[in-house]
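Q: Build me a model:
(4 chains)
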There are 4 protein chains.
Amino acid sequence: MAKTRVGIINVTGYAGIELARLLWGHPEVKLTSVTGRSAAGHKLDDYFPHLAGTGLTIKEKLGECDLVFSAMPHKDSVAVIAPLLESGLKVVDISADFRLKDAAAYPLWYGFAHPLPNLLSQAVFGLPELHRDRIKKARLVANPGCYPTGAILALAPAVKEGIIGPDIVIDSKSGISGAGRTLNLTTHFAEADEDATAYALGGHRHLPEIVQELAALRPEPVPAVTFVPHLIPMTRGILTTAYATLTPGRLAEGSQGEEELLALYRDFYKNEPFVRVIGTSPHTKHTRGSNFCLIHPAIDHRTGRLCVIAAIDNLVKGAAGQAIQNMNLMLGLPETTGLTAPALFP
Amino acid sequence: MAKTRVGIINVTGYAGIELARLLWGHPEVKLTSVTGRSAAGHKLDDYFPHLAGTGLTIKEKLGECDLVFSAMPHKDSVAVIAPLLESGLKVVDISADFRLKDAAAYPLWYGFAHPLPNLLSQAVFGLPELHRDRIKKARLVANPGCYPTGAILALAPAVKEGIIGPDIVIDSKSGISGAGRTLNLTTHFAEADEDATAYALGGHRHLPEIVQELAALRPEPVPAVTFVPHLIPMTRGILTTAYATLTPGRLAEGSQGEEELLALYRDFYKNEPFVRVIGTSPHTKHTRGSNFCLIHPAIDHRTGRLCVIAAIDNLVKGAAGQAIQNMNLMLGLPETTGLTAPALFP
Amino acid sequence: MAKTRVGIINVTGYAGIELARLLWGHPEVKLTSVTGRSAAGHKLDDYFPHLAGTGLTIKEKLGECDLVFSAMPHKDSVAVIAPLLESGLKVVDISADFRLKDAAAYPLWYGFAHPLPNLLSQAVFGLPELHRDRIKKARLVANPGCYPTGAILALAPAVKEGIIGPDIVIDSKSGISGAGRTLNLTTHFAEADEDATAYALGGHRHLPEIVQELAALRPEPVPAVTFVPHLIPMTRGILTTAYATLTPGRLAEGSQGEEELLALYRDFYKNEPFVRVIGTSPHTKHTRGSNFCLIHPAIDHRTGRLCVIAAIDNLVKGAAGQAIQNMNLMLGLPETTGLTAPALFP
Amino acid sequence: MAKTRVGIINVTGYAGIELARLLWGHPEVKLTSVTGRSAAGHKLDDYFPHLAGTGLTIKEKLGECDLVFSAMPHKDSVAVIAPLLESGLKVVDISADFRLKDAAAYPLWYGFAHPLPNLLSQAVFGLPELHRDRIKKARLVANPGCYPTGAILALAPAVKEGIIGPDIVIDSKSGISGAGRTLNLTTHFAEADEDATAYALGGHRHLPEIVQELAALRPEPVPAVTFVPHLIPMTRGILTTAYATLTPGRLAEGSQGEEELLALYRDFYKNEPFVRVIGTSPHTKHTRGSNFCLIHPAIDHRTGRLCVIAAIDNLVKGAAGQAIQNMNLMLGLPETTGLTAPALFP
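A: Okay, here's the model as predicted:
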């Protein structure tokens, strides 16, 4: 039987080449087409020597495919995707263009009016742990942002089960590949190395995704989320530390409360192949190159606060790996196909 | 006039050698004696080639001094310091042995009964921005911990002026030198490089210092502080992100609120030589090797929360630099003497 | 058909856990047994959470296997391996205990008299690019050291073809995982980060391996090799820069000489699945996590010198990956089985 | 007495701001003027917050000065410097425009015909260890390149004393700040982090400087130098490893040869305030932020080769610090003024 043919639009960013890396090892689909703009005409390994084995050439136009990943920047992605959907392809969009359900959020957060708001309701937010059944039937999946993936997974059980109040602080620490391949002083080695900083204090674009998904888990009370992303000097990984006030009386006092909390999280994720709820603080390095999310829920007994730590690889579970997980679901393949490699440690 | 003679007890840790580095360039005192245990008998530059210029030899016993820094581990430090105070020396203690006013906190947080609780009230908590006048007259100064230095400076104006409620979350990201020179898998390069993790979720020893000092600024309501330290892959620097709920009605809406906040912080620190209140998120790299603390107070208008970012070098303002700042005050020297070097950037 | 059962002795070092990572994804063998000393009794993921999927427990004694990898330290390895060979197992030894053909070299370089010198001639030096046919028939393969792998591959074509004289300088830059998991100030993050240094100037233990293999390629004249290893602040990777004087008249002048050189190297490695001869200087990051060796041979026309740059991942082609490549050959499997994953970039 | 007024042309690169940092702490001169092009009109700390204390504003035109540093790119620097010399200023040029004595080298290595070849003979190559007396009288000093500083200091004693033959290999490992502040994929954090690579295999522009200076030390035989620079993932520092064949009979056999070598090097540098000849391999981290060069000469007895390791901070002894050392000499100040700070370690 012929393998499903998949393509990557705009392969030349970090999400794009990570898709190519992972798809190359995928046993059930065949990466047949990769596109780029300025790089068109070049062999993929002219730009990315580690992908020499693929033998692919970057083209200006997408070849024949059954499913396509768009790694275009936001705003450009919707324009590219619409005709593909028309022609019957399945699409996983890595950009933010279909993540938000509320069209009015696009001018506010992304600075453009969404040209195809009707598509927003058709698109499924591609976090399999929350929307697996809908993803399976979807033709258009909006792959979550890297920060939202860690933050939502860290908080979903607590929000869903109502063990926390609405006041939530999310403090995320990201490796610098999250800022992409575009050159910038912020990502210039001599400035970023040995440095830590916060950014987007006025509101990061990933905030509305986080709020949308948490609010959908438990409509009342509406979560009041402060989200502050930080850049730290490593290439891959996001460590998310989420804080919220525990609803009094829901968990036992002392260490029994911690056991109940762990049990609640483990139960919530009991069938999840890529979420591991663990009893100690996770390390991003234990997820590097893999599609796993490690979660440690803890209690600050002095203040009655929940504190959850989550670790992912921003380019895998936070982007390309999750996109393939979504693809597997859309194609009726076992969800973990091509995604079982352990992390590269050390 | 003869320069004041100063000594360092247990020079062989990172705080100790940073003291030696900074004292070597200090124009008004003379570093005359450095001690160590296993290293005794060796020249200082056998262990630390960058200090070759000092010509000092590590001795087992302290030589004649007028003021001494103790860089002993906690519990050992108090035993060493007591006889020095008896003999009339002034002492700056880098350990935690005199930081907490409540003797009962020592068994709880440090696992030993304080042998000289009477000294706790004589010791002054060495954060010059809060206790300058008392430090000037002190014979025993307890140098603050690295995390508390950033956290307290980030929050002091807001707590003192009552613009926030008692619920406070402090999320700190530390360079790995903060874990000291003792070997450990946590600080083994191949494990710590390219990794981020949280630790001490059950309660870090620096928490009681933070609470003690914030509570002293405004007794009611007692702050409910959650403090989570993180290790990130860099050698020096602590970035602290502190979150608290703004008391309604104290600051204006919108950007005017931010101006008022900035003004409030600038006013609080207006005479401080080592605190810079800035309008953008600080970088730890802009403090590296220097005694400065950079603070950016911001407002999350969506949730009515204060978010303050503070950057320090954990070994300078977080340890050795602050100790020298305290020494300057104790000796009646201009406070900035020997501490004016800009950060080493990049 | 039942899969071949393989085991790892002393899984708890970096070579050991990298073997476990790669074997776990190998489709034709089954990792059934892993041993350790102090870690015996623990689940593998208690120590290495990234290997949680394996479900393995570290045992004191090896279970039933058909082939075993020994990741014991040198001197201990030979003692463990001898009885395994007796009992009919095939063995790949990661240690140095069987790399050198000359028993007299062991007291000199490793400080112990080899207890089983007769085995040395049976052992095959496991560099498939030079000894493939013998490896296929071997029962005991001595996996090469990390530095020798890069150095020998960089120089083999030039030595074999006699285009260089005997004077060879090898300058290698290694990531810090090469120093292993044993704690040491040299590998303490705060000391190793942002630092570069040379070591073993009196002669590194990998030198005799390099000389042995180069001399075997062309007996006369005996190569006079200076080898200086360096530690640089990254976790994985070795970049080797090898220098030698070109034999006059063997390559054309100017750019044609470079083309001839490239052709000579490409011809030498034309059937090698894991060696890529490229036209620009390689990056270690393009090999990270993969079994590839990237080689760039160049000419310094001003001085008539050959300059070859080679990049590998020290834990993969320099250790665990090459060991599995050897295993594949010993078991009659396709040589690349389980080793085709591209590098993890960025 | 009024302090000498100094200025920096094009302060906005890494050499420029490092000059500003060091001059700010210099007790005998006053930094009165800094210029820039796109940054003109801004306060210096808008761009470089660590320099907030200086209070300087970046201007388009140079203010009144007695001595000026030009940190302009090559080719532009000569155009700026000529009129300054005319007007009587003393100049230290950080660019390469006056380093080479042979005007014909400029088109070859830098791609432009030198417009003022007559000035080349007036300019003094600013390596005080070799040209101190001429620097003292110079009006125009050409500050050496970062690589040549380490390489020449590593080899000068051996070349001068004739203990090595003409065949020299120089393998240098540089931190990434050496590539400047201009954005580039090579210096993009996610690509440069955890990577090592060689570059400029066809010939680096610093090679003619190295050859010129070594040849001047001992005219015959003309050194045949292969120089290969490498980028390694750290911000500051250059580690240079230099290899050459020892002239037979000049040094004793065995460890006595090493003592003679060490004595020869120590004698050569016996009056040098910034060169330390040491008995073990140096670490770049022991020079970071300081003007010291650490040199370890060693012998590979197996091959009769000299192997010298030298460590510097590329931005201090390799650029700004050395420029100030030159300035001190030109102004008749003690050579070490403002340059005595130990390295920032760890």
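
Q: downstream neighbour of whichever strand or helix holds residue A:85 in the secondary structure list?
A: If you go by DSSP states H and E, residue A:85 is part of helix A:76-86. Where DSSP H and E defines the elements, the next helix or strand beyond helix A:76-86 is strand A:90-93.

Q: before we move on, back to that, could you check the helix holding residue A:85 and say which residues are buried?
A: A:77-78, A:80-82, A:84-85 (16 or more other CB atoms under 10 Å in any protein chain shown). (Each C-beta comes from the backbone N, C-alpha and C, glycine too.)

Q: got it, and stretch A:43-60?
A: Neighbour counts over stretch A:43-60 (16+ other CB under 10 Å) mark A:44-45, A:48-54, A:56-59 as buried.

Q: Tell me the one of the buried residues of helix A:76-86 nearest chain C?
A: Within the buried residues of helix A:76-86, proximity to chain C (CB to the nearest CB) peaks at residue A:77, which comes in at 22.0 Å.

Q: which one is residue A:294 nearest to, not counting chain neighbours?
A: residue A:282 (3.5 Å; CB to CB, 6 or more residues apart in numbering or on different chains).

Q: thinking again about what came up before, and the least confident of the buried residues of stretch A:43-60?
A: Model confidence across those bottoms out at residue A:53, which has 85.

Q: what sits against it?
A: A:24, C:340, C:342 (CB atoms under 8 Å, 6 or more residues apart in numbering or on different chains).

Q: Neighbour-wise, give me the winner out of the residues you listed.
A: residue C:342 (25 neighbours; other CB atoms under 10 Å in any protein chain shown).

Q: Which pLDDT value goes with that one?
A: 96.

Q: Ok, the one 4 residues further on next?
A: Reading off the per-residue confidence, residue C:346 sits at a pLDDT of 97.

Q: most residues in a single strand of chain A, which one?
A: strand A:164-174 (DSSP state E).

Q: Specify the angle between that one and strand B:164-174 in degrees.
A: 30 degrees (axes from the mean of the first three to the mean of the last three CA atoms, to 10 degrees).

Q: Now do the strands in chain A.
A: Counting by DSSP E, the strands of chain A are A:4-9, A:29-35, A:58-59, A:67-70, A:90-93, A:124-125, A:140-142, A:164-174, A:197-198, A:224-231, A:238-246, A:275-277, A:293-300, A:305-312.

Q: Is any residue of the longest one near chain D?
A: So that's strand A:164-174. No: judged by CB under 8 Å from any CB of the partner chain, strand A:164-174 stays clear of chain D, getting no closer than 11.4 Å.

Q: returning to that earlier point: now the helix holding residue A:85: how far from the chain's centre is it?
A: 21 Å (CA atoms, centre = their mean, to the nearest Å).

Q: Give me the helices and strands touching it, please.
A: strand A:67-70, strand A:90-93, helix A:117-122 (3 or more CB pairs under 8 Å, 6 or more residues apart in numbering or on different chains; DSSP states H and E).

Q: Strand partners (parallel or antiparallel) of the first one?
A: Strands flanking strand A:67-70 in the sheet, each with its direction: strand A:4-9 (parallel), strand A:90-93 (parallel) (DSSP bridges).
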